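K.L.:
Next comes the sequence, and after it the predicted model I'd like to discuss.
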Amino acid sequence: MSERRVADELEIRELVARYADAVCRRDTDAWGSTWATDGVWAIVGQTPTGREAVVALWEQLMGGMSQVVQIPNEGMLQFDGDRARGRWYITEYGQLATGAAMLTVGLYHDEYVQEDGAWRFGKRAFHSFYSGSPTLADDFHPLPAEFEDGVF
């Protein structure tokens with residue numbers, strides 16, 4: 001693996017860490033800066049396009065949470081020239097605005113692009129395997145076919 005490829009991989013891993021850190025701190029500016037200008041986010045049945053629309057949806061979703069901690073697990077990366085793809089499993093613990101506790105376990109499929117000399121999310125699609133009570137009393141959701149090859 002070339003030094004450039006190692007550096008790219010480290011930068012993308014740091015991007016994922018900055019994203020999760022911004023979620024935990026509820027830092028809209030830091031979270032928004034992880035996205036490409038024309039980034040696409042597929043989550044909860046919605047697919048906003050463009051950083052402004054993506055951030056607007058994030059703010060709406062975060063409005064329903066009083067606290068959240070997102071923990072990205074080890075990810076897989078694949079490079080193709082100046083583009084890359086990745087897959088990350090995450091665990092998210094939170095408290096809804098209603099006071100109810102929640103646990104989400106899911107999978108992100110990502111496409112990364114270089115913009116202004118930095119790696120950013122070009123596309124990010126989320127599938128929730130589980131979202132509900134931390135007791136795991138709610139239903140698990142199987143992985144849809146479109147996630148099996150990393151395309152959304």
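P.N.:
Okay, I see it.

K.L.:
what kind of secondary structure is residue 14 in?
P.N.:
Following DSSP: H, G, I helix; E, B strand; the rest coil, the label given to residue 14 is helix.

K.L.:
what about it, how many neighbours?
P.N.:
13 (other Cβ atoms under 10 Å). C-beta: built from backbone N, CA, C; applies to glycine.

K.L.:
ok, it - contacts?
P.N.:
Neighbouring residues of residue 14 by Cβ atoms under 8 Å, 6 or more residues apart in numbering: there are none.

K.L.:
same question, residue 37
P.N.:
50-51, 115.

K.L.:
Which of those residues fall within helices?
P.N.:
residue 51 (DSSP state H).

K.L.:
So residue 57, which state does it fall into?
P.N.:
Per three-state DSSP, residue 57 ends up helix.

K.L.:
Residue 64 versus that one, what's the distance?
P.N.:
12 Å (Cβ to Cβ, to the nearest Å).

K.L.:
For the residue most central in space within the chain, which residues are in contact?
P.N.:
With distances taken as Cα atoms, centre = their mean, residue 108 lies nearest the centre of the chain, 5.5 Å away. For residue 108, the contact set (Cβ under 8 Å, 6+ apart) comprises 86-90, 124-126.

K.L.:
ok, and the closest non-adjacent residue to residue 110?
P.N.:
Nearest in space to residue 110, with sequence neighbours left out and distances taken as Cβ to Cβ, 6 or more residues apart in numbering, is residue 86 at 4.3 Å.

K.L.:
burial measure for that neighbour, as a count.
P.N.:
22.

K.L.:
List the neighbours of the helix or strand harbouring it that are in contact with it.
P.N.:
Using DSSP states H and E, residue 86 maps to strand 83-96. Strand 83-96 has contacts (Cβ under 8 Å, 6+ apart) with 8, 12, 16, 20, 23, 64-78, 101-113, 119, 122, 134, 150.

K.L.:
Look through every helix and strand of this protein and give the one with the lowest mean pLDDT.
P.N.:
Ranked by mean pLDDT, DSSP states H and E, the weakest helix or strand in the chain is helix 145-148, scoring a mean of 72.

K.L.:
which helices and strands sit right next to that helix?
P.N.:
Counting contacts by 3 or more Cβ pairs under 8 Å, 6 or more residues apart in numbering; DSSP states H and E, helix 145-148 packs against no other helix or strand.
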